[in-house]
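Engineer: Show me how the following folds:
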Amino acid sequence: MKLRRFFIALGLAAMMCMPSYAQTQNQDWAGTGRFADATQVLKNRNFPKIVLIGDSISDFWIRKSSGFFYDNGIICRGISGQTTSQMLLRFRREVIESGASTVVILAGTNDIAGNTGPISLEDIAGNIKSMCELALQAGIRPVICSVLPVHQYYWSKDKHPDTDIPKLNRMLKEYVAKTGISYVDFYSAMVDSDKANENGLPEKYSADGVHPKVQGYAVMENILLKELKEETEIYRSGRSGLKLMSFNVRNGKGMDLVTDMKRPAAIISDLAPDVVAIQEVDSVTNRASGKYMLGELASITGMIPLFSAAIEYDGGKYGIGMLCRQKPMSIQRIALPGREEQRTLLIAEFKDYFFCSTHLSLTEEDRLASVDIISSAFHKLEKKGKPIFIAGDWNDEPDSRFISMMRKHFTFISDIAKYTFPSDKPDRTIDYIAFWKRNGTGELRPAANGVLNSTLSSDHRPIYCELK
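Structural biologist: Numbers count the residues shown, from 1 in each chain. The predicted structure follows:
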């Protein structure tokens, strides 16, 4: 019995230490699958790229403070539970191959906690040094962050982060002093002065002693922005006024038939849109294991979710949604025809514009009937004098009768010459973003638009449009 209890305890300890992403992805030890599709998309986008590679501290950062990443063009590549050995394995693809200009490395605490087994402080520092050397060889500017203070790990109480983290930080400081690599010192600004929590994070910055609260991240943001001043100013100067996106996420089911909302979420986060029209999401269905799938996307991206159910399905609801950075002033949901399944139109009013999401019927007669319903609704909206945008999967091609009817009322501002479906080998365009002409008189030209080269996360490719 003692032996049995020993092995049970050993198994539970191993489960606690195993990175959460790797547990669910067929033993993908380094989590290389999580950002594979997003990196493919990212490397084809031409703008200064700051990549933050790290663990749960980075992973949670974008969820709690998404505006910091969106406003400054910072790409988050944090995976909860990871150690520097795992980050080193994914470094080439996610940093070098993505076309990064700067990489921020925030890592080491999980190594000290023993998440992937015993490792010396010298080897932890060695892994971080290897990442820097790879970056320098590729012409990428590396920035090393200090490991955040921790008095005691709640999941690994036999370790001594209160003494090991300061030692590791000293090693990293010695390395940057010799090489001239930039060093960002979060530790000194955040360490607790209370002897009862010696070398730990104070309660005002952390609830669990390891992961920052919003207040802790705010301190980190102020420090990091001073180091990234030049890069972030370049990014902000080139950013357009309003960025719209549409993505049929197929409930997180990728072309490899793996359901994982983290993959489309990474693409959305990297694009940094103001608002996204989302199609094909479940709300607490049995198929989705009782999960609110749009809520999962919102949690990962740090955006606000808006859901519009189209039908009752499998113990829950199925429909469309929206993710937005700004809280809407008002929301409307309008039923649309669909003989194979009911359809819906979701309208959100923001301070300066209306944005609408829809997923239209597979049947042409229903799509044609939807034109008058949508137009009638928009004639009422236009009385407020704001631009009106509509986006989504419309299940019809640019030369169709339905799209011809839509052109009477709308200016298409997405790139309709590029195919959007199916994502792995696209041969047709069925996803659109359009602008209401206001009784046929309005015109609008986008500063940029495109179809993202996403081949795995869903059966649709996401589309976007940037407006000045």
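Engineer: Tell me the confidence at the residue lying closest to Phe91 once chain neighbours are set aside?
Structural biologist: Excluding the flanking residues, the one nearest Phe91 by CB to CB, 6 or more residues apart in numbering is Met131, at 5.2 Å. For every residue, glycine as well, the C-beta is placed using N, CA and C. Listed pLDDT for Met131 reads 98.
Engineer: before we move on, what about the one 10 residues further on?
Structural biologist: With respect to pLDDT, Arg141 scores 98.
Engineer: If you tally nearby residues, what's the number for the residue nearest to Phe91?
Structural biologist: 24 (other CB atoms under 10 Å).
Engineer: these two touch, right, it and Gln86?
Structural biologist: No: applying CB atoms under 8 Å as the test, Met131 and Gln86 come out as separate, 11.5 Å apart.
Engineer: quick one: the helices in the stretch 1-150 of the chain?
Structural biologist: Listed in chain order, the helices of the stretch 1-150 of the chain (DSSP state H, counting those that start in this stretch) span 2-17, 20-24, 36-42, 56-64, 66-72, 84-91, 109-113, 121-137.
Engineer: Give me the helices and strands touching the last one, please.
Structural biologist: So the one you mean is helix 121-137. Helix 121-137 sits against helix 84-91, strand 102-106, helix 109-113, strand 141-145, helix 161-179, with contacts defined as 3 or more CB pairs under 8 Å, 6 or more residues apart in numbering; DSSP states H and E.
Engineer: what bits of the stretch 201-350 of the chain have low per-residue confidence?
Structural biologist: Nowhere does the stretch 201-350 of the chain drop to pLDDT under 70.
Engineer: where do the strands sit along it?
Structural biologist: 242-248, 275-283, 304-313, 316-324, 330-336, 343-349 (DSSP state E, counting those that start in this stretch).
Engineer: How about the contacts made by Ser98?
Structural biologist: Contacts for Ser98 (CB atoms under 8 Å, 6 or more residues apart in numbering) come out as 39, 42-43, 49, 51, 75.
Engineer: run the last query once more with 7 Å
Structural biologist: By CB atoms under 7 Å, 6 or more residues apart in numbering, the residues touching Ser98 are 39, 42-43, 49, 51.
Engineer: Would you mind measuring from Leu336 to Leu346?
Structural biologist: 10 Å (CB to CB, to the nearest Å).
Engineer: So what's the gap between stretch 120-138 and the chain middle?
Structural biologist: Distance of stretch 120-138 from the chain centroid (CA atoms, centre = their mean, to the nearest Å) equals 26 Å.
Engineer: burial count for the spatially closest residue to Met245 that is not a sequence neighbour?
Structural biologist: Closest residue in space to Met245, ignoring its immediate chain neighbours: Pro273 at 3.9 Å, by CB to CB, 6+ apart. Residues within reach of Pro273, counting by other CB under 10 Å, total 25.
Engineer: and what of Thr344?
Structural biologist: The number of residues near Thr344, taken as other CB under 10 Å, comes to 19.
Engineer: Repeat that for Met261.
Structural biologist: With neighbours defined by other CB under 10 Å, the count for Met261 comes to 24.
Engineer: That one against Leu294, yeah?
Structural biologist: No: taking contacts as CB atoms under 7 Å, Met261 lies outside contact range of Leu294: 9.0 Å.
Engineer: any shared contact partners between the two?
Structural biologist: Both Met261 and Leu294 lack any common contacting residue under the criterion CB under 7 Å, 6+ apart.
Engineer: re earlier: mind checking how far the residue nearest to Met245 is from Leu224?
Structural biologist: 23 Å.
Engineer: Give me the domain ranges for the protein.
Structural biologist: Using automatic domain parsing, the domain parsing of the chain gives 28-237, 240-467.
Engineer: can you pull the contacts of the residue nearest to Leu242 when sequence neighbours are not counted?
Structural biologist: Sequence neighbours aside, Leu467 is the residue nearest to Leu242 in space, at 4.5 Å (criterion: CB to CB, 6+ apart). The neighbours of Leu467, taking CB under 7 Å, 6+ apart as the test, are 240-242, 446-447.
Engineer: Same question for Thr83.
Structural biologist: Taking CB under 7 Å, 6+ apart as the criterion, Thr83 is in contact with 110-111, 115-116.
Engineer: which of these lies closest to Met190?
Structural biologist: Here the nearest of the contacts of Thr83 to Met190, counting by CB to CB, is Asn110; it sits at 17.8 Å.
Engineer: my guess is that closest one meets Asp55, correct?
Structural biologist: Yes: counting by CB under 7 Å, Asn110 does reach Asp55; the two are 5.3 Å apart.
Engineer: who has more neighbours, the two?
Structural biologist: Per other CB under 10 Å, whichever of Asn110 and Asp55 has more neighbours is Asn110, with 30 against 27.
Engineer: Against Gln27, how distant is the more buried one?
Structural biologist: Note on Asn110: its distance to Gln27, by CB to CB, is 18 Å.
Engineer: again with Asn197
Structural biologist: Separation of Asn197 from Gln27 (CB to CB) stands at 37 Å.
Engineer: just Glu133 next, same as before
Structural biologist: Glu133 is 28 Å from Gln27, where distance means CB to CB.
Engineer: hang on, the earlier thing: what residues are shared contacts of Asn110 and Asp55?
Structural biologist: Counting by CB under 7 Å, 6+ apart, the shared contacts of Asn110 and Asp55 are 81-82.
Engineer: Only alpha carbons, please: show stretch 131-142 as CSV.
Structural biologist: Provided in CSV are the C-alpha atoms of stretch 131-142 (Å, rounded to 0.1, in the frame of the first residue of the first chain):
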residue,chain,number,x,y,z
MET,A,131,18.2,32.3,-27.2
CYS,A,132,20.1,35.6,-27.2
GLU,A,133,22.8,34.2,-29.4
LEU,A,134,20.3,32.8,-31.9
ALA,A,135,18.6,36.2,-32.0
LEU,A,136,21.8,38.1,-32.5
GLN,A,137,22.8,35.7,-35.4
ALA,A,138,19.5,36.5,-37.0
GLY,A,139,19.8,40.3,-36.6
ILE,A,140,17.2,40.4,-33.9
ARG,A,141,17.7,42.6,-30.8
PRO,A,142,17.3,40.5,-27.6
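Engineer: Contacts for stretch 345-357 next, please.
Structural biologist: With contacts defined as CB under 7 Å, 6+ apart, stretch 345-357 is touched by 244, 275, 277-278, 306, 308, 320-322, 324, 326, 328-334, 336, 358, 374, 377, 381, 386-392.
Engineer: which among these end up buried?
Structural biologist: Using 16 or more other CB atoms under 10 Å as the burial test, those include 244, 275, 277-278, 306, 308, 320-322, 324, 328, 334, 336, 358, 374, 377, 381, 387-392 as buried.
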